[in-house]
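# with the input below, show me the fold.
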Amino acid sequence: QEQLVESGGGLVQPGGSLRLSCAASGFTLDHYAIGWFRQAPGKEREGVSCIRGGIGRTSYADSVKGRFTISRDNAKNTVYLEMKALKPEDTAVYYCAADVRRLDCRGSVDEYDYWGQGTQVTVSS
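Below is the predicted model:
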């Protein structure tokens, strides 16, 4: 059974850092596009970052460029999201998802097939 499990969320002060993990079972992460998304209360789910299957080209939302880094460990079948210089507006539930129809990161949020349960990130003093 295909499954994604996120971990690593928590409460952090502004300017702090967190690393989120997304561990997959039942399928191989580097065969597909893997995205990180977030959803704040009262807002729509938005894309944060994506890593392409295979060669691992990455992309980021403008709001997180230079602060967040997505990476993949094929041996552990895990994708990470390193978050630095966190801001209160980064507060949200963060989800990882897999688009098993393609390698690249062109899919919209509705086209991602497998989703994790989400992990809460709260940035507050």
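# quick one: contacts for the residue nearest the centre of the chain?
The residue lying closest to the centre of the chain (C-alpha atoms, centre = their mean) is W36, at 2.2 Å. Contact analysis of W36 by C-beta atoms under 8 Å, 6 or more residues apart in numbering lists 20, 22, 47-50, 70, 79, 81, 94-97. All C-beta spots, glycine's among them, are computed from the backbone N, C-alpha and C.
# at 6 Å instead, please
48-49, 81, 96 (C-beta atoms under 6 Å, 6 or more residues apart in numbering).
# of those, which is the nearest to H31?
C96 (15.0 Å; C-beta to C-beta).
# neighbours of that closest one, how many?
As a burial measure, C96 scores 31 neighbours (other C-beta atoms under 10 Å).
# touching, it and L20? I think so.
No. Using C-beta atoms under 6 Å, C96 makes no contact with L20, being 7.7 Å away.
# how far out from the middle of the chain is stretch 102-110?
13 Å (C-alpha atoms, centre = their mean, to the nearest Å).
# any idea of the pLDDT on G26?
For G26, the pLDDT comes out at 95.
# help me confirm that it comes into contact with V5.
No. Contact criterion C-beta under 6 Å: G26 and V5 do not qualify, at 11.1 Å.
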